[in-house]
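Participant: sharing a model that was predicted from the sequence below.
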Amino acid sequence: MTTGSATLSAATRRSIALLSFATFSSMAVQRICDAMLPELSRAFAVSLAQAAQVVSVFAVVYGLAQLVYGPLGDRFNKFGIVAFATLACCVGSVVAVFAGSLDVLVLARVLVALGAAAIIPMSMAWVGDNIAYELRQETLARVGLGTTLGLVGGQLVGGLVTDALGWRWAFGLTAVLFAVVGTLLYADWRRQQAAPLAAMASDVPLSRPGFVAQALTIITGPWSRVVLAVSFVEGAAGFGVLAIWASHLHGSLGLSLAASGAIVALFGLGGMLYMTVARHLIRRLGERGLARVGGALAGVAAIVLGLTPWWQLALPASLLAGFGFFMLHNTLQTNATQMAPDARGTGVSLFAAALFLGQSVGVLLAASLAGRMGAGTVIAFSGAVLILLGALFARALHGRDALLHPG
């Protein structure tokens, strides 16, 4: 049902609000383990690197599942997929609450990842199918706000609840959240199913090539390879290393898990701040400027956070790191949606897969190297990578047209 008028109906606005709650839940459950890694290490008597499996394995499964959900969403009801995936996350969270070993907890995180992987990309795809183009960017921003708030909430709740009540209570809270949101989504999906079928978007093709054919078209494109490679490195140096920020602040600067999680949550607040001024910055800097300046801001801030002996400096550093990172990340997202306009669902799925596989590699490397050279050094090195990545992507954007239209 493509909404072609200048305003959205009350029913459509309700669906969008529910999708925003779902994306909040999906991102929150991704980041909720970051601040609790030291506690999980103690609770299960394992190393920090072993405890980090609850983050790294989650990212691997989340990334690989994108290869399924892209084509699946093109063939079945996207909103329904989001509803059932959210309820599946509730089941996985309940298993996590009662996990008696790290292996069982990792298995629970796999179950959650399988559901969470569908929520954000399918929500964006549903908006693309159902909202008129002139309203689409604003609508995606509303859905994206849930994602950014989830990043903040996951970091903050993971630290606060683990400190105050224990890590099991944190997973219990996510189980309740998924149950409520999933039930509301399911009810709204049933309402949509009962609506008149004048509901198919006119711009959605009736037949599509197979996933393999679509994926090959994208992967063999020179510009697509640039975007996928940059997303992989960004996932590793950005989201991946972010998983050890709270552990670094807790171990090196002596802050509590709650305080560490709160400081890292400023990363997400920085992303929200970027969203409020994005329109102005896009006009002023353009895509190349956003990539270059965003990478530089995120990188310098990460270096400061990794090397400073004063926790007070970690506050503005985390905020600026998030602001700069989302400048770079959103520019990359925009280009990912244009890698293959005729196979956009599969293209976005491949982008998400590259991003989260990179995150998994980043978590594993960061946790492993932190024990050898110190978490602060690893964070500072990731900052240098982000500076270089932003500059290289800005340079690649300069030659984008030649790669998209060779000859």
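Facilitator: Ah, there it is. Residues are numbered from 1 along each chain as shown.

Participant: for Leu255, helix, strand, or coil?
Facilitator: coil (DSSP: H, G, I helix; E, B strand; the rest coil).

Participant: and for Gly100?
Facilitator: Classification of Gly100 using three-state DSSP returns coil.

Participant: phi, psi for it please.
Facilitator: Note on Gly100: its backbone torsions stand at phi -100, psi 0 [degrees, to the nearest 10].

Participant: and for Pro309?
Facilitator: Torsion angles, degrees, to the nearest 10, at Pro309: phi -90, psi 0.

Participant: give me the neighbour count for it.
Facilitator: Pro309 is flanked by 8 other residues according to other C-beta atoms under 10 Å. For glycine as for every other residue, the C-beta is placed from the backbone atoms N, C-alpha and C.

Participant: do Ile120 as well
Facilitator: Neighbour count of Ile120, defined by other C-beta under 10 Å: 26.

Participant: do the same with Leu102
Facilitator: 18.

Participant: and it, how far from Gly158?
Facilitator: Remark: distance between Leu102 and Gly158 (C-beta to C-beta, to the nearest Å) = 17 Å.

Participant: ok, Gly374 next?
Facilitator: Distance, Gly374 to Gly158, by C-beta to C-beta: 23 Å.

Participant: compare these two (neighbour count), which wins?
Facilitator: Using other C-beta under 10 Å as the criterion, Gly374 and Gly158 rank with Gly158 on top: 32 against 16.

Participant: and the average pLDDT for the stretch of helix or strand the more buried one belongs to is what?
Facilitator: Secondary structure assignment for Gly158, by DSSP states H and E: helix 133-164. Predicted confidence along helix 133-164 averages 72 (mean pLDDT).

Participant: next SSE after that helix?
Facilitator: With elements assigned by DSSP H and E, the helix or strand that comes after helix 133-164 is helix 167-194.

Participant: counting by contacts, list what that next one packs against.
Facilitator: If contacts are counted by 3 or more C-beta pairs under 8 Å, 6 or more residues apart in numbering; DSSP states H and E, helix 167-194 sits against helix 10-31, helix 37-43, helix 78-97, helix 133-164.

Participant: contacting residues around Val300?
Facilitator: Neighbour list for Val300: 320, 383, 387 [criterion: C-beta atoms under 8 Å, 6 or more residues apart in numbering].

Participant: any idea how far Gly299 is from the first one?
Facilitator: Remark: distance between Leu320 and Gly299 (C-beta to C-beta) = 10 Å.

Participant: and Ser256, how many neighbours does it have?
Facilitator: Neighbour tally, Ser256, other C-beta under 10 Å: 15.

Participant: which residues touch it?
Facilitator: Under the criterion of C-beta under 8 Å, 6+ apart, the neighbours of Ser256 are 159, 163, 250.

Participant: mind pulling up the pLDDT for the last one?
Facilitator: The predicted structure scores His250 at 86 on the pLDDT scale.

Participant: measure Trp126 to Ser252 for me?
Facilitator: 43 Å.

Participant: between the two, tell me which one has more neighbours.
Facilitator: Trp126 (21 against 17).

Participant: and that one, what pLDDT?
Facilitator: At Trp126, pLDDT is 79.

Participant: so what's it closest to, chain neighbours aside?
Facilitator: Leaving aside its chain neighbours, Trp126 sits nearest to Lys78 (4.2 Å; criterion: C-beta to C-beta, 6 or more residues apart in numbering).

Participant: one more: Leu285?
Facilitator: Once flanking residues are discounted, Leu285 sits nearest to Val293: 6.2 Å by C-beta to C-beta, 6+ apart.

Participant: please apply the same query to Val94.
Facilitator: Counting by C-beta to C-beta, 6+ apart, the residue nearest Val94 is Ala175, at 5.0 Å.

Participant: correct me if wrong: that neighbour contacts Ser93.
Facilitator: Yes: Ala175 lies in contact with Ser93 (C-beta atoms under 8 Å); the separation is 3.7 Å.

Participant: between the two, which one's more packed in?
Facilitator: More crowded of Ala175 and Ser93, by other C-beta under 10 Å: Ser93, with 27 against 21.

Participant: any weak-confidence spans in the stretch 1-150 of the chain?
Facilitator: 1-6, 74, 132-141, 144 (pLDDT under 70).

Participant: same thing but 90
Facilitator: 1-17, 20, 24-80, 99-103, 117-118, 120-150 (pLDDT under 90).

Participant: returning to that earlier point: adding distance to Val227 as columns, could you present the helices and strands packed on helix 167-194 in a markdown table?
Facilitator: Shown next, in a markdown table, are the helices and strands packed on helix 167-194 (distance: least, C-beta to C-beta, whole Å):
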| stretch | distance to Val227 |
| --- | --- |
| helix 10-31 | 21 |
| helix 37-43 | 31 |
| helix 78-97 | 23 |
| helix 133-164 | 18 |
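
Participant: just to revisit the earlier point, now the residue nearest to Val94: how far from Ile32?
Facilitator: Distance from Ala175 to Ile32, by C-beta to C-beta: 12 Å.

Participant: what do you get for Phe76?
Facilitator: Where Ile32 is concerned, Phe76 sits at a distance of 29 Å (C-beta to C-beta).

Participant: more neighbours: these two, which one.
Facilitator: Neighbour tally, Phe76 and Ile32, criterion other C-beta under 10 Å: the higher count belongs to Ile32, 30 against 11.

Participant: contacting residues for that one?
Facilitator: Contacts of Ile32 (C-beta under 8 Å, 6+ apart): 154-155, 157-158, 170-171, 174.

Participant: please consider this matter closed, and thank you.
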